[in-house]
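Chemist: show me how the following folds:
(2 chains)
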Amino acid sequence: MSERPVRVRYAPSPTGPQHLGGVRTALYNYLFARKYNGTFIIRIEDTDQTRFVPGAEEYMLDALNWCGITYDEGPGKDRGYGPYKQSERKQMYRQYADQLLMSGHAYYAFDTANELEAMRERFKASGVAAAAYNTLTREYMKNSLVMPQDEVKARIENGEPYVIRIKMPRREEIKFHDLIRGWVSFNSSQLDDKVLFKSDGMPTYHLANVVDDYLMKITHVIRGEEWLPSAPLHVTLYNYFGWEDVMPQFAHLPLILRPDGNGKLSKRDGDRLGFPVFPLNWKDPSTGEMSIGFRERGFFPEPFVNMIALLGWHPGHVQQEIFTLDEMIHLFTIEHIGKSGARFDYEKAKWFNQEYIKKLTNSVLIEALKKILLEKGIPVPEQVVLQMICQSLKERCTFVNELYEQGYYFFEDIRDYDTSIISKKWNGKAKDHFAQLSKELASLKSFLVKDVEIAIHDFIKNNGLQNGEILPLLRIMLSGTKNGPAVYEIAAILGQERTIERMRIFQEKFPLNG
RNA sequence: GGCCCGUUGGUCAAGGGGUUAAGACGUCUCUCUUUCACGGAGAAAUCAGGGGUUCGAUUCCCCUACGGGCUACCA
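Modeler: Numbers count the residues shown, from 1 in each chain, chains lettered A, B, ... in the order given. As a prediction, the model looks like this:
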């Protein structure tokens, strides 16, 4: 069976926006498929209509698209194995349930929700280990295993609601080899008779999943660790159907944990700690509540994907952390996926984005900056100026939007002045010096960074001054802030006219008490 | 509670019977720049605990502790 062409799938259910973990599962499937020239399939598992959230499916597709994770088969891309949405495959599942019914591996059950609840209470009270519908308890319940044939028939004909449950073997060891965890074994006596087919005519995840994986010729099931406990059920299903020889190999991924405290990462953590957990913005259709996405926060897809890939996977000996998608495809192996859950670290996530920005060509940044300015209705300076701004700011930015936030004074008037320097250094003597410096700057024929730098240095030297007497104040005059690029760069970007202008405005605003 | 999975610095992690136990993020120090950032040089910080096996365990086995997942007519 290892000779079968690799076919893997990412199978989300549209019950809400997918977060980091979902994207990572999709990514690993994608990397695996690409690495082995296989097929990456997306299948929508929407068998539970009650939990359906409008927009969730589109969101997932958009998010994957943003990440550059492309799929070969899936919604809108039928290659003969479709449809790829379980609600559209509804009619296909019943026959498989019937097959199990016929072979005695499944049975009808008529218990109501209340009766099930009562049973659980009863067994819990009597101290029975597993208060579940299982090999022990099923003979006390209302099902086709204990009812006379004609009663079963009558109930069904009367339109009484029923479910179809799997009949788990009594006491068998069920083991399978997990690509990440090695051999994992369960005793069937610990497992319960899960519902395969619901009273609403839809299969449950378990049935649909196994049937679809079989029909779609899936060779490797790469999914979250939360599925590990139900894997023996799936293995049993493969056995009951007689599909052992084409059973996919399993790989159960460790979970992504919250940065602090206990438990897995959730939307709440993002809200509480102030970072995104979703790839894109998500507006909850029922509450209208908006959650910020990595994209909107200023992440580029490349570093986002890079970061997420390394949360649980590492290429081994390789002394490298920044990878392109292609590099990851090349290096990816399931063997190098870790076994333990990884805590999400937003600081590290930011680092990936920052590294990416530092390596970005100015032209890409210029486009991004232009977009921001346009959105804000701010006049866009000429290309050379944008070029200079990006060049000076790129090493200071973690996110693109900081190009604007940190350098807003290039586009708009100074909002406020940092007074700590002013109160310390702005005095009568300084005022005289700056009046003089202003004149000298105004007389410059050329105002390139280098020209400004030379002029200022000469001025300082010729007047027997210290850098500290001029530079910090000039910086405040031109930008209002203590931080930022070299003053000469700021001046050159502003241009001669505006530089002089800002020096003048400053003197007006801070006339030294009268 | 039961079942299953896991445990190398604060975080991501490499390694794997004999090593000074990599690297990165973060933190701190110094340096560059009279700013911030970048860059450069350093520092602190790890094999959960206890038993085995072995000449020798971080590495293999068992137990305990801790963490996590599952325990629905949800996926």
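
Chemist: the helices in the stretch 251-400 of chain A, which residues?
Modeler: Using DSSP state H, counting those that start in this stretch, the helices found in the stretch 251-400 of chain A span residues A:267-273, A:294-297, A:301-309, A:325-331, A:346-359, A:362-376, A:383-393.

Chemist: now for the fifth one, which elements pack on it?
Modeler: Counting contacts by 3 or more Cβ pairs under 8 Å, 6 or more residues apart in numbering; DSSP states H and E, helix A:346-359 packs against helix A:301-309. Where C-beta positions appear, they are placed from N, C-alpha and C, glycine not excepted.

Chemist: got the angle for the helix it packs on vs helix A:346-359?
Modeler: Counting by axes from the mean of the first three to the mean of the last three Cα atoms, to 10 degrees, helix A:301-309 lies at 150 degrees to helix A:346-359.

Chemist: picking that back up, can I get the helices of the stretch 251-400 of chain A in a markdown table with distance to A:Tyr107, mean neighbour count and mean pLDDT?
Modeler: Formatted as a markdown table, those follow (distance: least, Cβ to Cβ, whole Å; neighbours: other Cβ atoms under 10 Å; pLDDT from 0 to 100):
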| stretch | distance to A:Tyr107 | mean neighbour count | mean pLDDT |
| --- | --- | --- | --- |
| helix A:267-273 | 39 | 16 | 85 |
| helix A:294-297 | 47 | 20 | 95 |
| helix A:301-309 | 43 | 22 | 97 |
| helix A:325-331 | 46 | 16 | 96 |
| helix A:346-359 | 50 | 17 | 95 |
| helix A:362-376 | 61 | 15 | 94 |
| helix A:383-393 | 68 | 18 | 95 |
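
Chemist: nearest to RNA strand B, out of those helices?
Modeler: helix A:346-359 (3.8 Å; Cβ to the nearest atom of the strand).

Chemist: residues contacting the closest one, please?
Modeler: For helix A:346-359, the surrounding residues in contact (Cβ atoms under 8 Å, 6 or more residues apart in numbering) are A:259, A:273, A:275, A:294, A:298-300, A:302-304, A:306-307, A:321-322, A:365, A:394-395, A:397-400.

Chemist: please repeat the previous calculation with a cut-off of 7 Å.
Modeler: Contact with helix A:346-359 is made by A:259, A:275, A:299-300, A:302-303, A:306-307, A:322, A:394-395, A:397-400, as judged by Cβ atoms under 7 Å, 6 or more residues apart in numbering.

Chemist: tell me which of the helices of the stretch 251-400 of chain A sits nearest to A:Thr112.
Modeler: With Cβ to Cβ as the measure, helix A:267-273 is the member of the helices of the stretch 251-400 of chain A nearest A:Thr112 (34.0 Å).

Chemist: closest one to A:Ile218 among the helices of the stretch 251-400 of chain A?
Modeler: Go through the helices of the stretch 251-400 of chain A one by one with Cβ to Cβ and the one that ends up closest to A:Ile218 is helix A:325-331, at 19.6 Å.

Chemist: isn't A:Glu73 right up against A:Pro83?
Modeler: No. With contact defined as Cβ atoms under 7 Å, A:Glu73 does not count as touching A:Pro83 (10.7 Å).

Chemist: between the two, which is the more surrounded one?
Modeler: A direct count of neighbours by other Cβ atoms under 10 Å for A:Glu73 and A:Pro83 places A:Glu73 higher, at 20 against 15.

Chemist: got the contact list for the more buried one?
Modeler: Contacts of A:Glu73 by Cβ under 7 Å, 6+ apart are A:39, A:41, A:79, A:81, A:84.

Chemist: just the residues contacting the helix or strand hosting the second one, thanks.
Modeler: Following DSSP states H and E, one finds A:Ile41 within strand A:39-42. Residues external to strand A:39-42 that are found in contact with it (Cβ under 7 Å, 6+ apart): A:6-10, A:29-30, A:33, A:71-75, A:84, A:216.

Chemist: picking up where we left off before, buried ones from the contacts of A:Glu73, can you make that a PyMOL selection?
Modeler: To isolate the buried ones among the contacts of A:Glu73 in PyMOL, judged by 16 or more other Cβ atoms under 10 Å, type:
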select buried, chain A and resi 39+41+81+84
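
Chemist: reformat the contacts of A:Glu73 as CSV; add pLDDT.
Modeler: Converted to CSV, these look like this (pLDDT from 0 to 100):
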residue, pLDDT
A:Thr39, 98
A:Ile41, 98
A:Arg79, 95
A:Tyr81, 96
A:Tyr84, 97
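
Chemist: out of the contacts of A:Glu73, the closest to RNA strand B would be?
Modeler: Each of these was scored against RNA strand B by Cβ to the nearest atom of the strand, and A:Tyr84 proved nearest at 13.0 Å.
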